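**Q** Predicted model, plus sequence, below.
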Amino acid sequence: MTNITEIVAAQPTPAARKLDAASAQIRAARAGGANGGANGTADASLEAARGFEAVFLTQLVDSMFAGLETNGYFGGGHAEKMWRGFLVEHIAEAFAERGGVGIADAVRAQIVQMSERTE
């Protein structure tokens, strides 16, 4: 029998799903998909870069939370372990939406540079 922790752990994070979706958008834009042309590639590259930054920030915030002790009336236990991941993802996504740490700009520049080489 599978417990809920294994099911939750097996699910991709929202940030990882965003990154996968952005990668699919870039491939579609290159193939002349719905967005089409260079503008579609630029929009998709920005989305992919932001998704990458959100994944990075999720890992960063998760490592920050790893050292926190949660003893007391409202801390610790199985439920906290399950919900902490959701809290970490939300904090990281909110941080990325407000400009993040600047990684998205560098990643986007690399994506655009690579896509120009392949065209």
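**A** Looks like it came in fine. Numbering: from 1, shown residues only.

**Q** Check which residues of the host helix or strand of Met82 are buried.
**A** Met82 belongs to helix 77-97 when assigned by DSSP states H and E. Buried residues in helix 77-97, defined by neighbour count with 16 or more other C-beta atoms under 10 Å: 85, 88-89, 91-93, 95-96. Backbone N, C-alpha and C define where each C-beta goes, glycine included.

**Q** what angle separates the helix or strand hosting Glu47 from helix 77-97?
**A** Assigned by DSSP H and E, Glu47 belongs to helix 37-66. Helix 37-66 and helix 77-97 are oriented at 140 degrees to each other (axes from the mean of the first three to the mean of the last three C-alpha atoms, to 10 degrees).

**Q** Let's test this: mean pLDDT of helix 37-66, rounded?
**A** For helix 37-66, the mean pLDDT works out to 81.

**Q** Flag the shaky bits of the chain, pLDDT-wise.
**A** 1-19, 21-23, 25-41, 72-74, 118-119 (pLDDT under 70).

**Q** okay, now Val55: neighbour count?
**A** Using other C-beta atoms under 10 Å, Val55 has 21 other residues around it.

**Q** Could you do Leu60 as well?
**A** Neighbours around Leu60, by other C-beta under 10 Å: 14.

**Q** Apart from its neighbours in sequence, what residue is nearest it?
**A** Ala92 (7.2 Å; C-beta to C-beta, 6 or more residues apart in numbering).
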